[in-house]
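# Quick one: sequence plus predicted model below, questions after.
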Amino acid sequence: MTRGRGTASVVASPVLVGAVTVLIVIVSVFLAYNANKGLPFVPTYDLSARLPNGSNLVPGNEVRVGGFRVGVVDTVKPATQVINGKTIPIAVANMKLDKTVDPLPIDTKVIVRSRSALGLKYVELTPGKSKQTYKAGGTIPLANATLPIEFDDFLNTFDDKTRSASQLALTGYGDAFAGRGPDINAALQALNPFFTFLRPVMRNLSDPRTALKDFFKSIGEVSAQVAPVARVQAELFTKMADTFQAFNQCPTCLQQTIEKNPPTLDTAIRSFRIQRPFLIDFADLSRRLQPFANVLPSALPRINAALAAGTRVLPQTVTLNRNTEKVFRALDDLVQDPSTDLALGDLRDTLAVTRPLINYVAPYQTVCDYTTIFFTGLGQHQSEGVAQGTGQRVLLKGDNGAQDNRFNNVFNDRPVDLPTGVDPTTAKTPDGQALEVFHGGPYYPAIDAQGNADCQNGQFGYIDGPLGRGRYPAHGPVAGDDSFYTQFNRQFAGGSHNVYLDNTPGLAGTTFTGVKNLRSVP
């Protein structure tokens, strides 16, 4: 009795029955809400896939293999990947798969496909044949993913202009086929024999040995080559039409010409045996000329320009050729003259005799240009412009009359010199007259041993010393006589600016010509 009353009381309790009902409803709603993410407490095979585009792919989308649902997409996250040095955006889809597909080969392909026109997507996996498989938590690489053609992209190809044109075309087709059903049936019936004979023709054309793709490529290249001369081709066909029209005016003449062709061809066949060596040599020559033919397109414009210039110059060469003929005739007369040989012999002897002198004098002229320097100095020495005209400088030039040894004194006992430490460019006598000094040697060289220019005679100005040899000792002061002239004439001490060495140290450099070395003389 007690047990029966307890059971009846549980069923009969409205609160307890309502609580159980609510619990069952909550569990059912929870399971229904999470059904897209997999049932709880059910083991899954988790994989990730790197996709080039995750557009419209959301968590909960199905994952299918062979058209059957094998899992769902858990999450979709953006990511990046470096391809060929460039960083591109991608999507990473994390999938929860049934254990029935565990494991998947590593060459499994993945693609996101449209499930409906409303944008619903699903992930399709195509298992490969590799023996290596993905472990749980693995990632299918981007190289195994394919970017599909989206339905939206397909619809975007039909823009307003395309839709209008398609509508116009379909309307035209409808009008063309309207009321012509019997004719279409008759045409289809007549096409049966045509397709019967067309089949072997198309088989030959589709055979790779036919090289049909090369044929169309060659046609394109020929068309590209012919396009620049299309007008010339049109004129050619026009003239050919005139030629064929002329043939048509005399069919008998054409018939007679054709009748003569067989004996002509027989003669040509016999002559080809003789021409065969020539043709072989001609073929060899053609192969050798191939490099020239390759550069001919780029060389022809220059050749044409040269021919155009030569055409203008060619008439003027007639006079040049006539004058050249006179020159050669004069040369022939000169060669035939007996005195020419004697003159050449004398010239050879003259050159042999003067060769040492020329070798010695050549550097002085070719490097230092001493001939010009000589005449320049001579002109400046002989004359000088004055108000009344040109005066002779050697007659007008005076001296200070103070120095014991000076340029116009014929009783000098030493070279013209100054005392030690006296600058010849500023030294003057008490009455303001310039003092004189000898500052040049007569036999300076033109070049050194290496041929470098050392044109000392061609330089102007004083050479600072002391470069003298001191061969004249100082006389010493005179007791009781401290006059300028006495002290000046007694204390020259060999001179500090008296330069009479055969060659001053260092290279004086070039003069007028600027040639720095004998090897630079042209």
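Everything's here; your move.
# count of neighbours near the nearest residue in space to A434 that is not next to it in sequence?
Once flanking residues are discounted, A434 sits nearest to K428: 5.8 Å by CB to CB, 6 or more residues apart in numbering. Heads up, the C-betas are built off the backbone N, CA and C, glycines and all. K428 has 11 neighbours, counted by other CB atoms under 10 Å.
# same deal with G128?
15.
# With N144 instead?
Other residues within reach of N144, judged by other CB under 10 Å, total 17.
# quick one: it and R50, what's the gap?
Relative to R50, N144 is positioned 8 Å away (CB to CB, to the nearest Å).
# Repeat that for K213.
37 Å.
# and those two? which has more neighbours close in?
Comparing K213 with R50 by other CB under 10 Å, the one with more neighbours is R50, at 19 against 9.
# The more buried one should be in a helix, yeah?
No. Looking at R50 with DSSP: H, G, I helix; E, B strand; the rest coil, it is strand, so not inside a helix.
# all strands for this protein, in order.
45-51, 62-65, 68-83, 86-97, 109-114, 121-126, 139-140, 145-146, 383-386, 389-392 (DSSP state E).
# in this protein, which helix or strand is least confident?
helix 393-396 (a mean of 48; mean pLDDT, DSSP states H and E).
# sorry, back to before: reformat the strands of the chain as TSV; add distance to G506.
Conversion of those to TSV gives the following (distance: least, CB to CB, whole Å):
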stretch	distance to G506
strand 45-51	83
strand 62-65	97
strand 68-83	70
strand 86-97	69
strand 109-114	90
strand 121-126	94
strand 139-140	85
strand 145-146	85
strand 383-386	33
strand 389-392	37
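# now for the longest helix seen in the chain, which elements pack on it?
Using DSSP state H, we find that the single longest helix of the chain is helix 251-288. Here helix 251-288 touches no other helix or strand, going by 3 or more CB pairs under 8 Å, 6 or more residues apart in numbering; DSSP states H and E.
# what's the spacing between that helix and its chain's center?
Put simply, helix 251-288 sits 50 Å off its chain's centre (CA atoms, centre = their mean, to the nearest Å).
# again with stretch 223-242
From the chain centre to the centre of stretch 223-242 is a distance of 38 Å (CA atoms, centre = their mean).
# In space, not sequence, find me the middle residue of the chain.
S298 (17.8 Å; CA atoms, centre = their mean).
# quick one: pLDDT of that one?
We have a pLDDT of 87 for S298.
# And for S383?
Model confidence at S383 (pLDDT) stands at 62.
# D333 now?
Predicted confidence (pLDDT) for D333: 90.
# Could you pull out the helices in the chain for me?
Using DSSP H, helices in the chain cover 2-11, 14-33, 151-156, 160-177, 181-206, 212-226, 230-249, 251-288, 290-313, 317-336, 338-366, 370-382, 393-396, 484-490.
# Might you list the low-confidence residue ranges for the stretch 251-400 of the chain?
Across the stretch 251-400 of the chain, residues meeting the criterion (pLDDT under 70) sit at 377-399.
# The same query, at a cut-off of 90, please.
251-283, 286-287, 289-320, 334-335, 338, 340-341, 344-345, 351, 356-400 (pLDDT under 90).
# Now for T133: which residues touch it?
103-106 (CB atoms under 8 Å, 6 or more residues apart in numbering).
# Distance of it relative to G514?
89 Å.
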